[in-house]
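Undergrad: My questions concern the predicted model and sequence given below.
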Amino acid sequence: MKFVHLHTHSHYSLLDGLAKIDDLIDRAKELGMKALALTDHGNLYGAVEFYKKAVKAEIKPILGVETYVAPRSRFEKQAKIDDNYFHLILLAENNLGWKNMIKLITKSHLEGFYYRPRVDKELLRQYHEGIIALSACLAGEIPQLILKNNFEQAEKTIKEYQEIFGSENFFLEVSHHPNIPEAVKVNDALKKLSKITFAPLVATQDIHYAKPEDAEYQDILLAVQTNNKTSDENRLTMKVEDFSMRSQEQMMESFKDLPEAIENTEKIAERCNVNLTLNQILLPNFPLPEQEISADDYLRKLVMERLSNRFEVADAKVMERLDYELEVIKKTGFADYFLIVQDFVIWAKERGIVVGP
């Protein structure tokens with residue numbers, strides 16, 4: 001690996017990314033990429049599909065997300081304040097990071113949703129382990145501060161993210177989009193801030209479609225998203241630059257003055273090793289009231305306690321059948337499942353909620 005794309009959107013970045021997972025995998029294969037990240041906006045919808053297809057294509061999958069960070073608490077939802085969210089790239093370094101990323105995205109939808117599913121820095125502190133973070137595109141918090149010429153606060157924010165994720169796990173993201181003046185300004189400032197804060201630089205492309213000729217179709221998506229016509233002036237568009245999957249050689253040429261930013265993509269890719277367990281039933285463990293008892297034994301205990309509710313006399317035939325069924329449950333590892341089901345059935349009945357037989 002020479003260069004690895006760590007900021008990539010698929011069609012699961014709704015009305016923003018154009019490429020399907022297959023398109024991204026095929027393009028990466030065509031370009032000889034050995035690894036690739038998927039970082040869709042605010043969701044992990046495509047993660048499993050991407051993981052399976054990347055592995056099949058012998059491309060290392062890096063699971064990530066471009067999350068939305070609330071300017072204040074995720075619970076605050078005031079118009080014209082809390083809808084000004086920031087972008088942040090999160091990459092799962094290991095299985096713990098993957099689990100934490102799932103928790104972050106789940107809470108962003110259930111607790112922080114306001115125009116977009118948002119996390120806040122409290123959540124990032126709580127679930128930061130196993131995650132590598134990048135400062136994201138122009139919509140990131142640090143780039144936004146730079147564009148407002150608030151360099152002092154930008155430096156403080158870098159240090160804040162270093163404190164949250166660890167200095168070795170937070171990178172300043174630079175891109176090569178010279179036709180976008182704001183991107184040039186942000187890049188220049190990030191180079192200086194990197195030297196001040198010792199936050200390493202990392203090169204990205206912010207892929208939104210697989211090939212350059214797809215730009216026109218991605219632009220139509222943006223027009224739909226913003227309720228505009230493609231002929232409208234002063235609308236959101238990305239056509240002024242190339243946001244396709246560029247080759248390693250193109251990226252190395254674009255960042256020839258920042259070789260460390262290219263090298264860091266490879267270092268990050270080598271660190272990211274998530275192994276998903278697929279096509280297996282994974283049941284949660286029931287919280288047992290007694291530490292010295294197994295789920296199988298606790299299930300048997302509950303059954304014996306409540307046996308008289310079903311049978312006036314538990315004769316040999318009843319006990320034989322009971323032992324047989326409990327043994328089957330034990331062999332198949334379903335004791336926790338039965339305990340969980342009985343728990344929520346009891347909860348429902350106590351509240352007058354009708355349940356099945």
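TA: It's in.
Undergrad: where does the protein have low pLDDT?
TA: Within the chain, the segments meeting pLDDT under 70 span 1, 357.
Undergrad: Can you list the residue ranges for helices in the stretch 201-350 of the chain?
TA: Per DSSP state H, counting those that start in this stretch, the stretch 201-350 of the chain carries helices over the ranges 215-225, 248-254, 259-271, 295-306, 316-332, 335-350.
Undergrad: would you list every one of the strands in the chain?
TA: 35-41, 60-69, 86-92, 118-119, 131-134, 170-175, 201-204 (DSSP state E).
Undergrad: And the contacts of the last one?
TA: The reference is to strand 201-204. Outside strand 201-204, the residues that touch it by CB atoms under 8 Å, 6 or more residues apart in numbering are 3, 5-7, 89, 134, 171-176, 190-191, 194, 251, 254-255, 258, 260-262, 264-265, 268. (Glycine included, C-beta is placed from N, CA and C.)
Undergrad: follow-up on the earlier one: tell me which of the helices of the stretch 201-350 of the chain sits most buried.
TA: helix 259-271 (a mean of 18; mean count of other CB atoms under 10 Å).
Undergrad: hang on, the earlier thing: among the strands of the chain, which is nearest D16?
TA: Closest approach to D16 among those (CB to CB): strand 35-41, 6.1 Å.
Undergrad: just checking, what packs against the closest one?
TA: In terms of contacts (3 or more CB pairs under 8 Å, 6 or more residues apart in numbering; DSSP states H and E), strand 35-41 is packed against helix 21-30, helix 47-56, strand 60-69, strand 86-92.
Undergrad: can you list these in TSV and add mean neighbour count?
TA: Shown next, in TSV, are the helices and strands packed on strand 35-41 (neighbours: other CB atoms under 10 Å):
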stretch	mean neighbour count
helix 21-30	19
helix 47-56	18
strand 60-69	25
strand 86-92	25
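Undergrad: Adding distance to R300, write these out as a markdown table.
TA: Output for those, formatted as a markdown table (distance: least, CB to CB, whole Å):
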| stretch | distance to R300 |
| --- | --- |
| helix 21-30 | 46 |
| helix 47-56 | 36 |
| strand 60-69 | 40 |
| strand 86-92 | 39 |
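Undergrad: Out of those, which gets nearest to L123?
TA: Closest among the helices and strands packed on strand 35-41, using CB to CB: strand 60-69, at 9.2 Å.
Undergrad: same for the closest one, what does it pack against?
TA: Checking 3+ CB pairs under 8 Å, 6+ apart, strand 60-69 ends up next to strand 35-41, helix 47-56, strand 86-92, helix 95-110, strand 118-119, helix 259-271.
Undergrad: Report the inter-axis angle for that strand versus strand 35-41.
TA: Going by axes from the mean of the first three to the mean of the last three CA atoms, to 10 degrees, strand 60-69 is angled at 20 degrees with respect to strand 35-41.
Undergrad: Dump strand 60-69 to CSV, keeping only the CA atoms.
TA: Provided in CSV are the C-alpha atoms of strand 60-69 (Å, rounded to 0.1, in the frame of the first residue of the first chain):
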residue,chain,number,x,y,z
LYS,A,60,-9.0,-4.6,3.2
PRO,A,61,-12.3,-3.0,4.4
ILE,A,62,-11.9,0.0,6.8
LEU,A,63,-15.3,0.7,8.5
GLY,A,64,-16.0,4.3,9.3
VAL,A,65,-18.6,7.1,9.3
GLU,A,66,-18.7,10.8,8.7
THR,A,67,-20.6,11.7,11.8
TYR,A,68,-22.4,15.0,12.6
VAL,A,69,-21.2,16.8,15.8
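Undergrad: Given that strand, what are its sheet partners and their directions?
TA: strand 35-41 (parallel), strand 86-92 (antiparallel), strand 118-119 (parallel) (DSSP bridges).
Undergrad: what about Q291, neighbour count?
TA: Neighbourhood size, Q291 [other CB atoms under 10 Å]: 5.
Undergrad: tell me the contacts of the residue found closest to K159 once you drop the neighbours it is linked to in the chain?
TA: By the measure of CB to CB, 6 or more residues apart in numbering, the closest residue to K159 outside its immediate chain neighbours is T197, 6.1 Å from it. Applying CB under 8 Å, 6+ apart, we find T197 in contact with E155, I158, K159, Q162.
Undergrad: Run a quick neighbour tally on the third one.
TA: Burial measure for K159: 16 neighbouring residues, criterion other CB under 10 Å.
Undergrad: Repeat that for the first one.
TA: Other residues near E155 number 18, with proximity taken as other CB under 10 Å.
Undergrad: mind checking which of the helices and strands packed on strand 60-69 is nearest P71?
TA: Of all those, strand 86-92 sits nearest to P71, with 7.1 Å by CB to CB.
Undergrad: Bridge partners for the residue nearest the centre of the chain, pull those for me.
TA: Residue closest to the mean C-alpha point of the chain, counted by CA atoms, centre = their mean, is V65 at 3.5 Å. On the basis of DSSP bridges, V65 is bridged to D40, L90.
Undergrad: and it, what does it touch?
TA: V65 neighbours (CB under 8 Å, 6+ apart): T39, D40, H41, G42, N43, L44, I89, L90, M101, L104, I105.
Undergrad: Of those residues, which is the most crowded?
TA: Counting by other CB under 10 Å, top hit in the contacts of V65: T39 with 28 neighbours.
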